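Undergrad: Need coordinates for the below:
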Amino acid sequence: MDVGIFGNAGAGKSTLFRALSGVREGSPQGKNAGVCVIKVPDERVDRLAEVFRPKKVTHLTIAFHDIDAGETDLLSPQALAELRSVEVLALVVRAFADDYHPAPPGGLDPVAEFRDLSSSIVLSDYIVAQKRIERMTKEARRDAEWTGLHKAIDAFEKEVPLRDVELSAEEDRALSGFRFVSRLPVLLVMNVGEEGVTGEPYPEVTKEAAKAKVPMVRLCAKVEEEIAQLSPAEQVDFLKGMGIARSARDQLVRGAFEATRYISFLTVGEDEVRAWNIREGGSASAAAGRIHSDLEKGFIRAEVISCDDFLRCGSMAKAKTEGKLRLEGKEYVVKDGEIVHVRFNV
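TA: Numbers count the residues shown, from 1 in each chain. All right, here's what the predicted structure looks like:
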C-alpha cells in the first residue's frame, strides 16, 4: 500500500515523515529520499511463524511518500503526478504553535485548512473532467465515460469528492484511467502541539472528519520524531510517560487500513508465513488472485480457518477433526485474520 503525506507548508508533514522513517533532519539521503517503507506489525503473523518455523516470514508493508506542495501553486504538476501514484492520501493539517512556528495572523483553523485542501483537490479534478467533456462533446461520444464524467462534474461543482459519488462498475472502469485525486481514500492527520497529545484540542476537527466520512488521527509530529530516535525499549517507556496510547506509525497504519477498508488474510506453510491485504468484502477468488493469478484462474476451493481457531487447535489436523477447517467456494467473503489455502488446477 502506498500512502501519500500531503499538506500546506508548515503543517509538519515532513516532520511526520521523519518520525515514520527514523531519518534525522538534515541527514544525507539517497535516491529513495521522500519514501519510507515500514512493516505492518501483526501479532498473528508472529505467532503463526512460531508454529510453522518457516524459511521466510512476510508482513504487509506500507510505503509512505512525502509529497511536496508547489512553491507557488499547492497542486503543482509534479505534486499532482505524485498524488495520482498513491492509494491513500494522508492530509496533514496544523493545530500547533510554538516560539519557532507562531500561529498565522488569523489564528489556527485546522477545519478550514482541511476544507481548503479538499477544495483544491476537487478543483484540480474538475478542470481535468471539464476538458475531457469538451473534447467528447465535439466527438459526439455518449458512453460510460460520458455519463461518469457528468456525474463527476455535477459533484465537483458542489465540492463533493469523487470517492463520494456513486458510479456504476462500467463508469468506474471508464474513469479509472484519469486517476482523479479526489477518488483516493483520505486519512485526516491533525498535527497538534505537545500540550495536545493527551487532551482533545479542536474537537470540531473530529466532527469535520465524521462529516467528510474520513478517519482521523491526532498526533504530535515533533514528539514522534524524537521518539523515532530512541531504542524500541526506550520508545515504550517514552510513550507511556507522555500518555500516548499508540505511536504515530501505529496510528497511521491503522488509519490507512480504515480509509481503504482493507483487511488482511494469511497463508501458512513451512516455506513461508505471509500476510496479504484485500478489500473488505473481497471474495475467496479475489484473495487467490492476490497470491497469484494462476490460483484465481484455476480456483477450485479454499480451505479456510480463522487464525484464532487454528492457534487454539495447534494444528490443521486437529482443526479439521474439530470442524474448524472449512471448504469454501469462490464467492465466499474472506474475513480479517483468516488463514486461506487455495486448491486450484491450471
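Undergrad: May I have the secondary structure class of F6?
TA: Under DSSP: H, G, I helix; E, B strand; the rest coil, F6 falls in the strand class.
Undergrad: which regions of the chain lie under the pLDDT threshold?
TA: 23-33 (pLDDT under 70).
Undergrad: tell me which element the spatially most central residue of it is part of?
TA: Against the mean C-alpha coordinate of the chain, by CA atoms, centre = their mean, the closest residue is A256 at 2.8 Å. Here A256 is covered by helix 248-260, with elements defined by DSSP states H and E.
Undergrad: And the residue nearest to H341 when sequence neighbours are not counted, its phi and psi?
TA: Nearest residue to H341, sequence neighbours excluded (CB to CB, 6 or more residues apart in numbering): E303, at 4.2 Å. In this view, the C-beta of every residue, glycine as well, is placed from N, C-alpha and C. The phi/psi pair for E303 (degrees, to the nearest 10) reads phi -90, psi 120.
Undergrad: just checking, E303 touches V340?
TA: Yes - in this structure E303 lies within contact range of V340 using CB atoms under 8 Å: 7.3 Å.
Undergrad: who has more neighbours, these two?
TA: More crowded of E303 and V340, by other CB atoms under 10 Å: V340, with 23 against 17.
Undergrad: can you pull the buried residues of the host helix or strand of the more buried one?
TA: Element membership of V340, judged by DSSP H and E, is strand 338-344. Neighbour-count burial for strand 338-344 flags E338, I339, V340, H341, V342, F344 (criterion: 16 or more other CB atoms under 10 Å).
Undergrad: doesn't R261 make contact with D336?
TA: No - checked against CB under 8 Å, the pair D336 and R261 is beyond contact range at 10.7 Å.
Undergrad: Quick one: name whatever helix or strand follows the longest helix belonging to the chain.
TA: Secondary structure of the chain per DSSP state H: the longest helix is helix 110-139. Sequence order places helix 144-157 as the next helix or strand after helix 110-139, per DSSP H and E.
Undergrad: hmm, who's touching the next helix or strand after that following helix?
TA: Next in sequence after helix 144-157, counting helices and strands by DSSP H and E, comes helix 169-176. Outside of helix 169-176, the residues within contact range by CB atoms under 8 Å, 6 or more residues apart in numbering are D143, A144, E145, T147, G148, L149, K151, A152, L162, L167, R183.
Undergrad: could you give the angle of helix 169-176 to helix 110-139?
TA: Inter-element angle recorded for helix 169-176 and helix 110-139: 100 degrees (by axes from the mean of the first three to the mean of the last three CA atoms, to 10 degrees).
Undergrad: Can you give me the buried ones in helix 169-176?
TA: Buried-residue list, helix 169-176, by 16+ other CB under 10 Å: E171, A174, L175.
Undergrad: which residues are in contact with the helix or strand hosting I227?
TA: Using DSSP H and E, I227 sits in helix 221-228. Helix 221-228 is touched from outside by 12-13, 15-16, 18-22, 25, 92, 96, 191, 193-194, 197, 235, 238-239, 242, 244, 247-248, with contacts defined as CB under 8 Å, 6+ apart.
Undergrad: Just the buried residues from the residues you listed, in PyMOL please.
TA: Per 16+ other CB under 10 Å, the buried members of the contacts of helix 221-228 correspond to this PyMOL selection:
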select buried, resi 12+13+15+16+18+19+20+21+92+96+191+193+197+235+239+244+247+248
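Undergrad: Could you list which of the contacts of helix 221-228 belong to helices?
TA: Using DSSP H, these in helices are K13, T15, L16, R18, A19, L20, S21, Q235, F238, L239, M242, A248.
Undergrad: which one of D336 and R261 has more residues nearby?
TA: For D336 and R261, the more surrounded residue by other CB under 10 Å is D336, and the numbers stand at 16 against 11.
Undergrad: S14 touches D66, doesn't it?
TA: Yes - using CB under 8 Å, S14 makes contact with D66 at a distance of 5.8 Å.
Undergrad: Mark out where each domain of the chain begins and ends.
TA: Taking automatic domain parsing as the criterion, the chain consists of the domains 2-259, 281-344.
Undergrad: want to throw those into CSV with distance to A275?
TA: Shown next, in CSV, are the domains of the chain (distance: least, CB to CB, whole Å):
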stretch, distance to A275
domain 2-259, 5
domain 281-344, 10
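Undergrad: Tell me which of those domains lies nearest to E270.
TA: When those are compared by CB to CB, domain 2-259 sits nearest E270, at 5.7 Å.
Undergrad: Tell me, how many residues neighbour the residue nearest to E258 when sequence neighbours are not counted?
TA: Nearest residue to E258, sequence neighbours excluded (CB to CB, 6+ apart): P215, at 4.4 Å. P215 sits with 20 neighbouring residues when counted by other CB under 10 Å.
Undergrad: Spit out the contact partners of P215.
TA: Contacts of P215 (CB under 8 Å, 6+ apart): L187, L188, A209, G255, E258, A259.
Undergrad: Can you tell me how far the closest residue in space to the last one that isn't next to it in sequence is from R218?
TA: Yep, that's A259 we're talking about. Nearest non-adjacent residue to A259, counting by CB to CB, 6+ apart: P185, 3.9 Å away. Here P185 is placed at a distance of 19 Å from R218 (CB to CB, to the nearest Å).
Undergrad: quick one: contacts for V86?
TA: D2, V3, G4, H65, I67, L184.
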